[in-house]
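Peer 1: got a predicted structure here, sequence first:
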Amino acid sequence: MADSEFRSYQYISQNLKDLGWDIRNPKRGGSVYTQGEFRYHDEILTKSLARLTPENIIVLEYEGQSIYWVVEAKRTYNQLSLALSEAKDYADKINEYSGGGDFESCT
């Protein structure tokens, strides 16, 4: 069976939980949108990403503003640079639409 990004979802979710994040949808009291859950719930993400769908978006509220962290997964470790590039592209689109700051990478 071929590797799939889908196999990484449980790993990502568990690590977010282990780090103390509430992985429920932000509209249900959590902090993490998975796949396209943000559509029609978050105007900034819906308009800036359109049909694009990162694996997860972590939403932090800070001084009355939403701050977004993008999590992108790939099938294999050797695609890490591609995942980082795509996450940066998503973040740039969000920042461009929202007037947010520059993309900051943390791996």
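Peer 2: Nice, I can see it.
Peer 1: show me where the chain has its helices.
Peer 2: In chain order, the chain shows helices spanning 8-18, 43-49, 80-98, with DSSP state H as the criterion.
Peer 1: ok, and what's touching the first one?
Peer 2: It refers to helix 8-18. Counting by CB atoms under 8 Å, 6 or more residues apart in numbering, the neighbours of helix 8-18 from elsewhere in the structure are I23, V32, T34, E55, N56, I58, V71, A73, K74. Quick note: C-beta positions are derived from backbone N, CA and C, even for glycine.
Peer 1: for that helix, which residues meet the burial criterion?
Peer 2: With burial defined by 16 or more other CB atoms under 10 Å, the residues of helix 8-18 counted as buried are S8, I12, S13, L16.
Peer 1: list the contacts for E55?
Peer 2: E55 sits in contact with E5, S8, Y9, I12, T34, Q35, V71, E72, A73, where contact means CB under 8 Å, 6+ apart.
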